[in-house]
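Peer 1: Model the structure of this input:
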Amino acid sequence: VQLVESGGGSVQPGGSLRLSCAVSTFTFSTYATSWYRQAPGKERELVASIISGGDTTNYADSVKGRFTISRDIAKNTVYLQMNSLKPEDTAKYYCNLNYWHGLQFRQYWGQGTQVTVSS
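Peer 2: Just a heads-up that it's a prediction; the model follows:
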């Protein structure tokens, strides 16, 4: 499984960006795709996730109402629409895919894409 992120960049506070995560062919029926972020000197944190099958979504409290995670099944791509960006959203954003294979938990990471919010 390969995950390739794109869409990061620099934006002013209040601006928007859309991140994309292209996922190579994946056949498991139930899995979760998530966006994490890590700012310098801080631990990696979960930003949003979407679970296949029912498309259940979850968000960190800090991004609720501003960020939206979605997926395009035909394109095997997961998106993170980020609106009303704040300086504290500055971080490297990583795409993650995980699933249970029997009793074994497996996960994969992308290489990350930088998001910088500043005036």
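
Peer 1: which residue packs closest to Ala48, ignoring adjacent ones?
Peer 2: Leaving aside its chain neighbours, Ala48 sits nearest to Ile69 (4.1 Å; criterion: Cβ to Cβ, 6 or more residues apart in numbering). Any C-beta I mention is one placed from the backbone N, CA and C, and that applies to glycine too.

Peer 1: ok, how many other residues are close to that neighbour?
Peer 2: Applying other Cβ atoms under 10 Å, we find 22 residues neighbouring Ile69.

Peer 1: can you check Asp55 too?
Peer 2: 11.

Peer 1: wait, doesn't it sit right on Ile73?
Peer 2: No. Taking contacts as Cβ atoms under 8 Å, Asp55 lies outside contact range of Ile73: 9.7 Å.

Peer 1: low-confidence ranges in the chain?
Peer 2: The chain contains residues with pLDDT under 70 at 27-29, 54.

Peer 1: ok, now how distant is the residue nearest the centre of it from Trp100?
Peer 2: The chain has Trp35 as the residue nearest its centroid, 2.2 Å off, counting by Cα atoms, centre = their mean. Using Cβ to Cβ, to the nearest Å, we find Trp35 at a distance of 20 Å from Trp100.

Peer 1: which stretches of the chain form strands?
Peer 2: 3-6, 9-11, 17-23, 32-38, 45-51, 56-59, 67-72, 77-82, 91-101, 104-109, 113-117 (DSSP state E).

Peer 1: Tell me the strands beside the fourth one, with direction?
Peer 2: Translated: strand 32-38. Applying DSSP bridges, strand 32-38 is found paired with strand 45-51 (antiparallel), strand 91-101 (antiparallel).

Peer 1: Just the buried positions in stretch 5-22, please.
Peer 2: Neighbour counts using 16 or more other Cβ atoms under 10 Å place 5, 7-8, 11, 17, 19-22 of stretch 5-22 among the buried residues.

Peer 1: What of stretch 66-83?
Peer 2: 67-69, 71, 77-80, 82.

Peer 1: Reformat those residues as JSON lines; add distance to Arg106.
Peer 2: Shown next, in JSON lines, are those (distance: Cβ to Cβ, whole Å):
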{"residue": "Phe67", "distance to Arg106": "26"}
{"residue": "Thr68", "distance to Arg106": "26"}
{"residue": "Ile69", "distance to Arg106": "20"}
{"residue": "Arg71", "distance to Arg106": "19"}
{"residue": "Thr77", "distance to Arg106": "20"}
{"residue": "Val78", "distance to Arg106": "17"}
{"residue": "Tyr79", "distance to Arg106": "23"}
{"residue": "Leu80", "distance to Arg106": "22"}
{"residue": "Met82", "distance to Arg106": "27"}
